[in-house]
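Student: Here is the input, now give the coordinates:
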Amino acid sequence: MAVSSAADATAAPAQRLHLIACGGSIMHNLALALHRRGARVTGSDDEIFEPAKGRLAAAGLLPAQEGWFPEKVTADLDAVIVGMHARADNPELLRAQELGLRVYSFPEYIYEASKDKQRVVIGGSHGKTSITSLILHVLRFHGRKFDYAVGAQLEGFDLMVQLTEDAPIIIIEGDEYLSSPIDRRPKFHLYQHHIGLISGISWDHINVFPTEEDYREQFRIFAEMTPKAGVLIYDQDDEQVQLVTVPSNPSVKYIGYGPHENVVRDGRTFLLTKRDEEVPVQVFGAHNLRNISAAKEVCKQLGIKGKDFYEAIATFKGAARRLELVRESKSSVVYKDFAHAPSKLKATATALKQQFPKRRLVACLELHTFSSLNPNFLPQYAHTFDAPDVAVVYFNPHVLEHKRLPPLPPEQVQKAFQRPDLQVFTDSRELAAFLQKQDWTDANLLMMSSGTFDGLDLTKLAEQVTAE
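Tutor: Next up is the predicted model:
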């Protein structure tokens with residue numbers, strides 16, 4: 001694996017770094033960010049797919065071979081950073097521990113690299129990527145210096161991670177999932193925020209947090225970590241959030257928010273400002289109006305005035321795969337969304353139906369995550385898919401086998417969603433055929449998944465849906 005020519009750089013906390021599981025979405029972006037900063041970066045992974053493979057290769061950082069090679073971990077390394085894809089018995093990790101090297105998880109290293117910065121951490125079961133994206137867009141629009149770590153590729157940003165010396169602040173998407181295979185703490189507990197935000201709480205990650213109480217507790221801990229003179233911003237209408245954000249510390253500033261005032265005309269959303277102005281925006285839905293309010297409160301804390309926020313927000317197109325427009329015609333639109341958790345599913349499907357109330361909505365959800373395929377968790381989906389006129393669920397039985405979950409009869413899925421007319425498919429070709437047969441006159445299509453519907457050609461499907 002090639003190394004940076006800037007071996008004499010002294011800015012980063014550790015200059016000779018080895019990344020275990022460097023092919024992951026966030027880990028390969030970290031590798032590129034560290035390389036750009038001047039660190040000498042090496043890494044390993046047992047599987048690397050596009051776009052990580054091509055991006056690492058272009059930077060000269062692609063491992064010569066896939067797999068784990070303990071000999072890559074040497075005593076002259078300043079540190080090793082381990083990703084969640086690795087296991088606790090990973091041979092390279094074991095070698096690093098044997099040598100007594102400093103081993104960081106991703107969040108530990110981000111904190112280490114931003115100790116001297118103001119840290120803004122955006123947490124929540126849903127909306128955190130969109131809120132983080134909104135904030136980054138506004139700051140960039142107005143030429144502010146900032147670092148960031150976000151879980152999606154954003155328009156105008158070539159990396160999902162940026163670490164520099166001179167940026168005074170860092171905006172971090174605070175995932176509540178585990179930090180590493182050897183660190184069972186949620187990622188957002190490790191960033192030690194100055195400004196924290198909780199966008200909403202809806203039980204997820206059942207494999208790690210077996211009860212709703214266990215899951216909510218992680219957000220309570222995050223809220224209580226807000227330091228003296230710190231700020232905690234939260235969705236004031238979310239009942240679960242209210243349980244963990246009780247204003248109990250007189251040294252902390254608590255700020256609640258709700259959906260931004262708006263009006264919808266002809267499928268277009270306009271924000272209403274205190275000056276009775278209307279600001280057209282390119283995102284829509286009650287959840288996005290809450291996200292905009294959340295981002296506005298954060299930006300206000302960072303010195304962005306209201307009129308400057310609205311000027312920037314009018315040009316925001318949304319985060320990748322977050323209610324992302326695929327194709328449109330005069331009578332149809334096709335959107336894709338990363339939604340998979342119950343709360344996200346309900347918010348996204350309802351938003352699209354409300355935005356185009358006169359059009360029929362066909363919505364498809366792929367059950368792909370451990371939680372969504374778990375029989376004990378499935379009842380959480382009850383009535384979350386009521387908004388579409390035609391509701392479709394797809395899952396691949398092989399994914400169940402891979403995750404070591406029991407078989408899932410389609411009737412059980414129908415019962416869990418409490419929608420008798422729910423269409424359930426387990427073959428992507430049959431799903432595609434069903435969608436192609438639909439009447440797409442004055443109808444919209446919404447495809448929701450954290451997967452790919454097993455390679456379904458969404459571009460081709462969208463062309464058929466929007467054909468005049």
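
Student: then the helix-or-strand element of the chain with minimal mean pLDDT to PDB, C-alphas only?
Tutor: Between all helices and strands in the chain, the lowest mean by mean pLDDT, DSSP states H and E belongs to helix 370-373, at a mean of 86. What follows is helix 370-373, C-alpha atoms only, in PDB (Å, rounded to 0.1, in the frame of the first residue of the first chain):
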ATOM      1  CA  PHE A 370     -30.900  -7.300  11.500                       C
ATOM      2  CA  SER A 371     -33.600  -5.400  13.400                       C
ATOM      3  CA  SER A 372     -36.000  -5.100  10.500                       C
ATOM      4  CA  LEU A 373     -35.800  -8.900   9.800                       C
END
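
Student: Could you tell me whether Ala223 really is in a helix?
Tutor: Yes. Judged by DSSP: H, G, I helix; E, B strand; the rest coil, Ala223 forms part of a helix.

Student: Isn't Val279 up against Ile313?
Tutor: Yes. Judged on C-beta atoms under 8 Å, Val279 makes contact with Ile313 at a distance of 6.9 Å. Backbone N, C-alpha and C define where each C-beta goes, glycine included.

Student: Which one's more surrounded, those two?
Tutor: Neighbour count, other C-beta atoms under 10 Å: between Val279 and Ile313, Ile313 has more, with 23 against 18.

Student: Check that one and give its pLDDT.
Tutor: pLDDT for Ile313: 95.

Student: ok, now Ser343?
Tutor: Listed pLDDT for Ser343 reads 84.

Student: number of nearby residues for it?
Tutor: Ser343: 22 surrounding residues under other C-beta under 10 Å.

Student: still on that earlier bit, overlap in contacts, Val279 and Ile313.
Tutor: Taking C-beta atoms under 8 Å, 6 or more residues apart in numbering as the contact rule, Val279 and Ile313 both touch Leu271.

Student: what about the helices in the stretch 151-300 of the chain?
Tutor: For the stretch 151-300 of the chain, applying DSSP state H, counting those that start in this stretch gives helices covering 212-224, 239-244, 286-301.

Student: can you pull the buried residues of the second one?
Tutor: Within helix 239-244, the residues that count as buried by 16 or more other C-beta atoms under 10 Å are Gln240, Val241, Val244.

Student: quick check, nearest of those residues to Pro91?
Tutor: Val244 (39.8 Å; C-beta to C-beta).

Student: residues contacting Gln438?
Tutor: Neighbouring residues of Gln438 by C-beta under 8 Å, 6+ apart: Val362, Val390.

Student: where's it relative to Thr350, distance?
Tutor: 20 Å (C-beta to C-beta, to the nearest Å).

Student: What is the burial count for the nearest residue to Gly455 once chain neighbours are set aside?
Tutor: Nearest non-adjacent residue to Gly455, counting by C-beta to C-beta, 6 or more residues apart in numbering: Ser428, 6.8 Å away. By other C-beta under 10 Å, the residues close to Ser428 number 17.

Student: Hmm, Phe453 and Ser428 touching each other?
Tutor: Yes. Here Ser428 reaches Phe453: they are 5.5 Å apart, a contact under C-beta under 8 Å.

Student: shared neighbours of these two, anything?
Tutor: Shared contacts of Ser428 and Phe453, counting by C-beta under 8 Å, 6+ apart, come down to Tyr394.

Student: Would you agree Tyr104 falls within a helix?
Tutor: No. Read with three-state DSSP, Tyr104 is strand and lies in no helix.

Student: distance of it from His260?
Tutor: Computed as C-beta to C-beta, the Tyr104 to His260 distance reads 38 Å.

Student: before we move on, what about His35?
Tutor: 39 Å.

Student: same question, Val231
Tutor: With C-beta to C-beta as the criterion, Val231 and His260 are 19 Å apart.

Student: Could you list the low-confidence segments of the stretch 251-400 of the chain?
Tutor: Low-confidence segments of the stretch 251-400 of the chain, defined by pLDDT under 70: 319-321.

Student: And the strands in it, which stretches?
Tutor: Taking DSSP state E, counting those that start in this stretch as the criterion, the stretch 251-400 of the chain contains strands spanning 253-257, 262-265, 268-272, 278-281, 324-328, 333-337, 360-366, 390-394.

Student: Now render these as CSV, adding distance to Ser125.
Tutor: Shown next, in CSV, are the strands of the stretch 251-400 of the chain (distance: least, C-beta to C-beta, whole Å):
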stretch, distance to Ser125
strand 253-257, 16
strand 262-265, 23
strand 268-272, 23
strand 278-281, 23
strand 324-328, 20
strand 333-337, 15
strand 360-366, 17
strand 390-394, 20
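
Student: for those, which one sits closest to Ser372?
Tutor: Nearest of the strands of the stretch 251-400 of the chain (C-beta to C-beta): strand 360-366, 8.5 Å.

Student: Three-state assignment for Tyr111, please.
Tutor: helix.

Student: The spatially closest residue to Lys117 that is not a sequence neighbour bridge partners, please.
Tutor: Using C-beta to C-beta, 6+ apart and skipping the chain neighbours, the partner closest in space to Lys117 is Ile170 (4.8 Å). As for beta bridges, Ile170 partners with Arg119, Asp147 under DSSP bridges.

Student: same thing with the one 10 residues further on?
Tutor: Using DSSP bridges, the bridge partners assigned to Ser180 are Asp183.

Student: measure it to Lys346 for me?
Tutor: 32 Å.
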